[in-house]
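1. Provided below are the primary sequence and the corresponding predicted coordinates.
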Amino acid sequence: MCSCERDQYLVLQVRAGSLEEHVGKQDDVLVIGCGNSMLGEFMCMNGWGKISSVDFSDACIAQAKRRSVQAGIDIEFKVADARRLHEHFPSNRFDSMVDKGLLDAMYSSSEAEETVRDTKDSVLRVLRPGGRYLAIFNGGAMGLFPPTLAHEMMQDTRWKHTELRRLDPVSDGVFISVWEKL
């Protein structure tokens, strides 16, 4: 399934309530590691009013900006490293953050554990208390994460893990994991 088809599938899940129950329509939302995904645009078209999207790729952000301008969709796009969100946004800014495969992608790097830890710390800095981080994984229940790193994330006392659910009931495909900042 290509990124656009996966995004359309996720929109169907949004309409079914999988994201809507965790991300309020009035929330200040950050789509972290957006890549060339249209998820932020689809969220805007489905009633979310305040969306920002970040990725470290200049090319992906330029492509996404062009697409949203052509569609008349208002999204704040920034080139930003997920490990250093505080360089682009104030502390406690976002009500919700949506990650569609970012942590999975990060775990494939040679410095994966440090990168994921730095990203988690960065997320916790810009997420408001009570804010939610939704990680959408492909594959197993914790994506590509090794059990030790997943356990470490769950043991972090700055947030609590509130849900792990399969979005795709007919395969091992897509899971959503929800974290709430304390």
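-> That came through fine. Numbers count the residues shown, from 1 in each chain.
2. show me where the chain has helices.
-> 3-16, 39-45, 58-71, 102-106, 112-126, 147-155 (DSSP state H).
3. Out of those, which is closest to residue 86?
-> Minimum separation from residue 86 across the helices of the chain (C-beta to C-beta) falls at helix 112-126, 4.9 Å. C-betas here are computed from N, CA, C, even on glycine.
4. can you list contacts of the closest one?
-> Residues outside helix 112-126 that contact it (C-beta atoms under 8 Å, 6 or more residues apart in numbering): 30, 32, 82-86, 89-94, 97, 102-103, 106-107, 109, 133, 145, 149, 152-153, 156, 158-159, 181.
5. before we move on, the earlier item: do you know which of the helices of the chain lies nearest residue 22?
-> Of the helices of the chain, nearest to residue 22 by C-beta to C-beta is helix 3-16, at 10.5 Å.
6. list the buried ones in stretch 123-138?
-> By neighbour count on 16 or more other C-beta atoms under 10 Å, the buried set for stretch 123-138 is 123-127, 131-138.
7. Would you format those as TSV with pLDDT included?
-> Putting these into TSV (pLDDT from 0 to 100) gives the following:
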residue	pLDDT
123	96
124	97
125	98
126	98
127	98
131	98
132	97
133	95
134	92
135	87
136	82
137	76
138	71
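8. coming back round to it: TSV for the helices of the chain, including distance to residue 166?
-> Shown next, in TSV, are the helices of the chain (distance: least, C-beta to C-beta, whole Å):
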stretch	distance to residue 166
helix 3-16	11
helix 39-45	18
helix 58-71	28
helix 102-106	15
helix 112-126	22
helix 147-155	16
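9. ok, now how distant is residue 37 from residue 60?
-> Using C-beta to C-beta, to the nearest Å, residue 37 is found at 9 Å from residue 60.
10. In its sheet, which strands sit next to the lengthiest strand in the chain, and in what direction?
-> Taking DSSP state E as the criterion, the chain has its longest strand at strand 127-138. Looking at strand 127-138 with DSSP bridges, its partner strands are strand 94-100 (parallel), strand 174-181 (antiparallel).
11. and among those, the most buried is which?
-> Per residue and on average, the most neighbours among the strands paired with strand 127-138 fall to strand 94-100, with a mean of 25 (mean count of other C-beta atoms under 10 Å).
12. Contacts only, for the spatially most central residue of the chain.
-> The centre of the chain sits closest to residue 99, judged by C-alpha atoms, centre = their mean, with a distance of 1.5 Å. The neighbours of residue 99, taking C-beta under 8 Å, 6+ apart as the test, are 32-33, 133-136.
13. If you rank every helix and strand of this structure by mean pLDDT, what lands last?
-> Least confident helix or strand, the chain: helix 3-16 with a mean of 55, by mean pLDDT, DSSP states H and E.
14. low-confidence ranges in the protein?
-> Counting by pLDDT under 70, the chain has low-confidence residues at 1-17, 139-149, 168-173.
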